[in-house]
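[1] Got a predicted model here, sequence first, then my questions.
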Amino acid sequence: MTAETKNASVSTHRRFEGTVVSTRMQKTAVVRIDRRVAHAKYGKYFTLTTKFMVHDPEGKAKVGDLITFEECRPLSRNKRWRYVATVKAAMPAGSAS
């Protein structure tokens, strides 16, 4: 087995982690990614938010979960991302202490 064959199984798709903000659509989760960016001229930091529509056919993602998702072929007009795994589950509503 050569090095090229071993690396063929490694995914070349981009992967991100984000927080699920909505699961109201069937087989789709809306995921938010926040990133802190410095202003080019003034240096002040501010937060940029980007939302992604992620394909979740089994409905594993719940609102508040931190999930990993990766790039895939276009699945609909806005969906180009696929659910990979849940990194951290959301806290249940009644147990916030």
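    Good, I have the coordinates. Keep in mind the model is a prediction, meaning the values are calculated, not measured.

[2] Then Gly94 would be within a strand, right?
    No: under DSSP: H, G, I helix; E, B strand; the rest coil, Gly94 sits outside any strand and is assigned helix.

[3] On the pLDDT front, check it for me.
    pLDDT recorded at Gly94 is 70.

[4] Please report the distance of it from Gly64.
    Distance, Gly94 to Gly64, by Cβ to Cβ, to the nearest Å: 13 Å. To be clear about C-beta, it is placed using only N, CA and C from the backbone, and glycine gets the same treatment.

[5] Am I right that Val54 is in contact with Asn78?
    No: using Cβ atoms under 8 Å, Val54 is not in contact with Asn78, being 10.3 Å away.

[6] Between these two, point out the one with more neighbours.
    Using other Cβ atoms under 10 Å, the more surrounded residue of Val54 and Asn78 is Val54, with 27 against 12.

[7] who does that one bridge with?
    Ala29, Trp81 (DSSP bridges).

[8] More neighbours: which of Gly94 and Gly64?
    The residue with more neighbours, out of Gly94 and Gly64, is Gly64; 15 against 6, by other Cβ under 10 Å.

[9] does that one count as helix, strand or coil?
    coil.

[10] Can you give me the distance of the nearest residue to it once chain neighbours are set aside to Thr19?
    Closest residue in space to Gly64, ignoring its immediate chain neighbours: Ala90 at 2.9 Å, by Cβ to Cβ, 6 or more residues apart in numbering. Distance of Ala90 to Thr19, computed by Cβ to Cβ: 9 Å.

[11] next helix or strand past the lowest-mean-pLDDT helix or strand in the chain?
    For the chain, using mean pLDDT, DSSP states H and E, the weakest element among its helices and strands is helix 3-7, scoring a mean of 58. Next along the chain after helix 3-7, taking DSSP states H and E as the criterion, comes strand 15-22.
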